[in-house]
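Visitor: Prediction below, plus the sequence it came from.
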Amino acid sequence: MTPEPVLPPHFRFGTATAAAQVEGAADTDGRGPSIWDTFCSEPGRVRGGDTPTVACDHYHRMPEDVAMLGELGVDEYRFSISWSRVLPGGLRGTDDEGVNRAGLDFYSRLVDELLSAGVRPVPTLYHWDLPQALQDAGGWLERATSEALGDYAALLAETLGDRVTRWLTLNEMNVHTLYGHALTDHAPALGMGLDCLPVAHNLLRAHGLAVDAIRGAARPAGGDGAGGGPLEVGVVQQHFPVLPATDSEEDTGAADLFRILTNWLFSDPILRGAYPEAWVAEMVAASAGLTSDQLAADLAVISRPLDLYGVNYYEPTRIEAPRPDKDYSGVLEVDIPADMPFSPVRIEGVERTDFDWPVIPSGLRDILVTLHERYPGLPPVVVTENGCSYHDEPGDGGRVRDDRRIAFQRAHLAAVAEAIDAGVDVRGYYVWSAMDNFEWAAGYAERFGLVHVDRATQSRTRKDSWHWYRELIAAHRAGR
Ligand code: FCB
């Protein structure tokens, strides 16, 4: 059997979820609609017509779900906060007009419950679920939306900041910009192509404003225990190696361009205080209507120093310069329009998950090493998501034998250990996901959980991978 990966003693383990994917309770206790509620109500958007209205009903089953995390023994749990549950209309008015106390209380109880289970709460402020009211006012094309996120961040930090010591601002701005704004595969399905660049800039600026707001308002109580310790603020990006299909100038050029637009456009402003190329900066400034002085002022906000950098990894992307008349549809989960100067190519000869994603653990080591080399000031890294969808169902005696997931997570943890050996300061690893959940446009058919969730009964079954992870964490803690 492959030996278990060995991680340094200070390494921490966790799992992750997001509000829209697990909470359900879409209309409960004063929650307002988000762009994902709208998107999913439109026919043809989501596989099987699935919606997040009920999801895992985590809003009502939170204590049971947290007890399971305690039993699993994770050090940390990454969840996201539903903006429209806390501020149904999106905005925090004077005298806290617009604040939904019942919604805020849910997160306060969740934090308390986690702390009493010995699990450190790690909230993400924004995991793609913009309040619909803000979308109606222009969404991420508007600068004001960044300020609204800053106000929302301050409210959360004032409320939870005595107990929460690690905050993550936004999840995967690159995927949100590309899938939801350039294309139409995710909410809000704007399909703007490269015209959506102001969205990227406003998301980045929202991140910077959130960092300031959290640092300004959070007051960790300190002391020992899961909630103690200094304040840490970070962000989560999806990163992936972009591999040219051949060594030709055309293909490497196409891959370089794709890499810039999907990776560095979102991390360079944060980690280097600049857009990756002069032409990108010019396009952003022109499309967002900013002078060069305004752009520089924004970049100063966007590049506030961070305490950690979250990396989500799933798979590399192979890119070539488009060949005339070749059909590229179905290569990725989303189709890149045919008139773009880069086309994704299927990676052959590797294992694939049941979601048809290639299994390439070395890509995680490679991207971590690349980030370390590209950014001399890279803060400590946490792998904030890594996981796989396999459709294993309970069999004899109710047991879920998901050996393929165990092999996947084990191999990716080994890749993290290799990155650490190569000098990258990786401090933790969160499995996506704590439980099967609503996988965006793919609906409930994709199952990423360590825990199986029965859609009809909501009953939870710990998969074999859950037991494996628990043992791995216990062994690490015991120094075995
Ligand atoms: C990531 C998302 C996360 C989950 C995984 C499978 O891009 O951040 O919510 O859906 O993919």
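Guide: Everything's here; your move.
Visitor: pLDDT weak spots in the stretch 51-200 of the chain?
Guide: Residue ranges of the stretch 51-200 of the chain with pLDDT under 70: none are present.
Visitor: Point out the residues in it that sit beside the ligand.
Guide: Contacts of the stretch 51-200 of the chain with the ligand, taken as Cβ under 6 Å from any ligand atom, map to 171-172, 175. The way it works is simple: take the backbone N, C-alpha and C, and place the C-beta from them, glycine included.
Visitor: With secondary structure and neighbour count added, can I get these in TSV?
Guide: Output for these, formatted as TSV (DSSP: H, G, I helix; E, B strand; the rest coil; neighbours: other Cβ atoms under 10 Å):
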residue	secondary structure	neighbour count
N171	strand	25
E172	coil	23
V175	helix	19
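Visitor: Tabulate those residues in JSON lines, adding columns for distance to N312.
Guide: Output for those, formatted as JSON lines (distance: Cβ to Cβ, whole Å):
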{"residue": "N171", "distance to N312": "8"}
{"residue": "E172", "distance to N312": "6"}
{"residue": "V175", "distance to N312": "9"}
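Visitor: can you pull out the strands in the stretch 101-250 of the chain?
Guide: Along the stretch 101-250 of the chain, counting by DSSP state E, counting those that start in this stretch, strands occupy 120-126, 166-171, 232-238, 242-244.
Visitor: between those, which gets nearest to Y314?
Guide: strand 232-238 (7.3 Å; Cβ to Cβ).
Visitor: which residues are contacting that closest one?
Guide: Applying Cβ atoms under 8 Å, 6 or more residues apart in numbering, the contact partners of strand 232-238 are 124, 165-175, 207, 211, 214-215, 263, 266-267, 270, 306-314, 379, 382, 384-385.
Visitor: Can you pick out the ones from those that are in helices?
Guide: In this view, the contacts of strand 232-238 that belong to helices under DSSP state H are 173-175, 207, 211, 214-215, 266-267, 270.
Visitor: gap between stretch 119-133 and the chain center?
Guide: Its chain's C-alpha centre and that of stretch 119-133 lie 10 Å apart, by Cα atoms, centre = their mean, to the nearest Å.
Visitor: how long is that stretch from one end to the other?
Guide: Using Cα to Cα, to the nearest Å, the end-to-end distance of stretch 119-133 comes out at 34 Å.
Visitor: What are the buried residues along it?
Guide: Using 16 or more other Cβ atoms under 10 Å as the test for burial, stretch 119-133 gives 119-133.
Visitor: Stretch 448-466 now?
Guide: In stretch 448-466, counting by 16+ other Cβ under 10 Å, buried: 448-453, 458, 460-466.
Visitor: Pull the most distant pair out of these.
Guide: Q458 and D464 (20.8 Å).
Visitor: Tell me which residues touch G70, please.
Guide: For G70, the contact set (Cβ under 8 Å, 6+ apart) comprises 117-119.
Visitor: Measure how the helix or strand it falls within sits relative to strand 120-126, angle-wise.
Guide: For G70, the host element (DSSP states H and E) is helix 58-72. Interaxial angle, helix 58-72 versus strand 120-126 (axes from the mean of the first three to the mean of the last three Cα atoms, to 10 degrees): 140 degrees.
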